[in-house]
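Q: Below are the sequence and a predicted model for it; my questions follow.
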Amino acid sequence: MEAAMMLMRRVNLSYGQSYLKTAIGITLITLLALPACRALLESSLINHMLIQIPLLALSGWMIGKGSFFSLFKRWNDRGVPGLLIAVFAMFFWMIPRWLDAALSEPLWEMIKFITVPLFIGIPLGISWPRLSSFSRAVVWTNAISMLVVIGWLYVAAPVRVCNNYLVNQQEAFGYTAMMVALGIAVYWVGRVFFGNWDKVE
């Protein structure tokens, strides 16, 4: 009887944590959708690509680890299918054409607020804990190299890549993206030598 009671408490605690994560994710999306918050984060390319979109993905991540974590277990056993969905969605929203569309057309702005949490955040939230250490290493290595390449392209481009942002803004984003990539690389080198990779979610 005591063992059954303890199991019920654990189940109730698990459900409570799931609801809390889902509530946090939904609240974050709501805050990011406020006009004042959108205007602030979309005023520069750095804020748009390195703050708003990652926060939208984070909101989906929380929802994925909350309400959706136990779903698609058979289909997404090792986390690879969900990871591929997230990667393709990230590539899509890194294309300047769609960033411009999200700023100029309300429909595309709404699509961004739906697809980034749904196709990037949620798949990552349910897939990341199921990935092996090697798969996580591959993901981080590709993320670092992708940031470096995108940053270099934005710096080297002789013309405006995004019509809604000036050339100096895209150059600033390019240098910032490369600095972020460097920071991530230094952090993970430290984790490899001084931390435990398997404990990183």
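A: Structure received. Residues are numbered from 1 along each chain as shown.
Q: helix or strand for the residue nearest the centre of the chain, which one?
A: Among the residues of the chain, Ala57 comes closest to the average C-alpha position under C-alpha atoms, centre = their mean, at 3.6 Å. Element membership for Ala57 (DSSP states H and E) is helix 53-66.
Q: From the contact counts, what lies against the next helix or strand along the chain from that helix?
A: On the C-terminal side of helix 53-66, the closest following helix or strand by DSSP H and E is helix 80-93. Contact here means 3 or more C-beta pairs under 8 Å, 6 or more residues apart in numbering; DSSP states H and E; on that basis helix 80-93 packs against helix 106-115, helix 122-127, helix 133-156. Using the backbone N, CA and C atoms, a C-beta is placed for each residue, glycine as well.
Q: tell me the contacts of Met49?
A: Residues counted as contacts of Met49 (C-beta atoms under 8 Å, 6 or more residues apart in numbering) are Met94, Leu99, Phe173, Ala177.
Q: From Leu41, how far off is it?
A: 10 Å (C-beta to C-beta, to the nearest Å).
Q: Sort out which residues of the helix holding Ala57 are buried, please.
A: Buried residues in helix 53-66, counted by 16 or more other C-beta atoms under 10 Å: 53, 55-66.
Q: Same check on stretch 125-143?
A: Within stretch 125-143, the residues scored as buried using 16+ other C-beta under 10 Å are Gly125, Ile126, Ser127, Trp128, Arg130, Leu131, Ser135, Arg136, Val139, Trp140, Ala143.
Q: residues contacting the closest residue to the second one other than its chain neighbours?
A: Think Ile126. Leaving aside its sequence neighbours, Ile126 sits nearest to Gly64 (C-beta to C-beta, 6 or more residues apart in numbering; 4.6 Å). Taking C-beta under 8 Å, 6+ apart, we find Gly64 in contact with Gly121, Ile122, Pro123, Leu124, Gly125, Ile126.
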